[in-house]
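A.B. asks: Quick one, fold the following:
(3 chains)
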Amino acid sequence: MENFRNNSSCLELSIAMPGFSSSPSGEMGGMAVKGGVDINQVASSGTEEECMEEEDEISRNDGGPTPRKKLRLTKDQSRLLEESFRLNHTLNPKQKEALAQQLNLKPRQVEVWFQNRRARSKLKQTEMECEYLKRWFGSLTEQNRKLQKEVEELRAMKVGPPHGRHPLPPSTLTMCPRCERVTTTTLLEKSPTTTPPATKMPFLQPPASCYN
DNA sequence: CCGTTAGTCCGTATTACATCA
DNA sequence: AGTGATGTAATACGGACTAAC
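C.D. replies: Prediction:
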């Protein structure tokens, strides 16, 4: 059976992360998944069916819950998994099988590794977003503080000398999120920092000056 | 055509173990 | 040696999707 579900795009945020290419393969299906399988019983290149057989053996043992032991992947295994992940964030059954064979792991282990890896990616992205929003908040606070100050100054000017002085145009601050350089622009221009970062993170749209 | 069911994969939360300071 | 923190492999569960009936 094929499963064309392809919704890992929910992970697709606009922050560019190294090794996060978000190009899931579409074709899914065909693997038995549910059911607790203690796959730590040595990483032999077994099939899913063999996993199930092992599970049966385990559950037949003494009836009691078998303590699960945890496998640590070798550096080579991790490296190869990471390389595969860079190419694809999801695996179709054939890829999974091939990779498992190559790594001397069970397909289920490869599948779990990819699931956890996707979760870690997402967590990392969320942390980055959080960090960015904090900085955003900080810069807006600072911007607000300066504008308040400017308002105060303008008010003071208004009640001060009646004529002969041209007040400066009100300005606002713009911070480039990439280089974190603050520039001043007049309010007649559209200030990018006043645009909420709701949909797209402005990492991807730094001002042209950033590249100068 | 529509509803139901079974099978599959995925995301998410959690658990349990290994390792390190 | 004991312990708490951290990283991560593995499990549990529910949702989404598809094919078959």
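A.B. asks: Output the contacting helices and strands for the host helix or strand of residue A:153.
C.D. replies: Taking DSSP states H and E as the criterion, residue A:153 maps to helix A:107-159. Counting by 3 or more CB pairs under 8 Å, 6 or more residues apart in numbering; DSSP states H and E, the packing neighbours recorded for helix A:107-159 are helix A:48-61, helix A:75-87, helix A:93-103, strand A:171-175. For every residue, glycine as well, the C-beta is placed using N, CA and C.
A.B. asks: what residue ranges in chain A score low on pLDDT?
C.D. replies: Low-confidence segments of chain A (pLDDT under 70): A:1-68, A:160-212.
A.B. asks: how about 80 then?
C.D. replies: A:1-70, A:158-212 (pLDDT under 80).
A.B. asks: how about the helix holding residue A:153, does it reach DNA strand C?
C.D. replies: Yes. Using CB under 7 Å from any atom of the strand, helix A:107-159 reaches DNA strand C at A:108, A:109, A:112, A:113, A:115, A:116, A:117, A:120.
A.B. asks: Any of those buried? List them.
C.D. replies: Among the residues of helix A:107-159 next to DNA strand C, those classed as buried by 16 or more other CB atoms under 10 Å are A:108, A:109, A:113, A:117.
A.B. asks: These: which two are farthest apart?
C.D. replies: Using CB to CB, those reach their maximum pairwise distance at A:108 and A:117, which is 14.6 Å.
A.B. asks: ok, now how distant is residue A:102 from residue A:91?
C.D. replies: Using CB to CB, to the nearest Å, residue A:102 is found at 12 Å from residue A:91.
A.B. asks: Looking at the two, which is more packed in?
C.D. replies: residue A:91 (25 against 13; other CB atoms under 10 Å).
A.B. asks: Which strand or helix spans that one?
C.D. replies: Secondary structure from DSSP H and E places residue A:91 outside every helix and strand.
A.B. asks: Verify the stated contact: it with residue A:113.
C.D. replies: No. Applying CB atoms under 8 Å as the test, residue A:91 and residue A:113 come out as separate, 9.9 Å apart.
A.B. asks: Run a quick neighbour tally on residue A:81.
C.D. replies: When counting by other CB under 10 Å, one arrives at 19 neighbours for residue A:81.
A.B. asks: cool, and residue A:105?
C.D. replies: Burial of residue A:105 is recorded as 23 neighbouring residues (other CB under 10 Å).
A.B. asks: and if you look at residue A:107?
C.D. replies: Counted with other CB under 10 Å, the neighbours of residue A:107 add up to 25.
A.B. asks: which residues touch the residue nearest to it when sequence neighbours are not counted?
C.D. replies: Sequence neighbours aside, residue A:100 is the residue nearest to residue A:107 in space, at 4.4 Å (criterion: CB to CB, 6 or more residues apart in numbering). By CB atoms under 8 Å, 6 or more residues apart in numbering, the residues touching residue A:100 are A:45, A:106, A:107, A:109, A:110.
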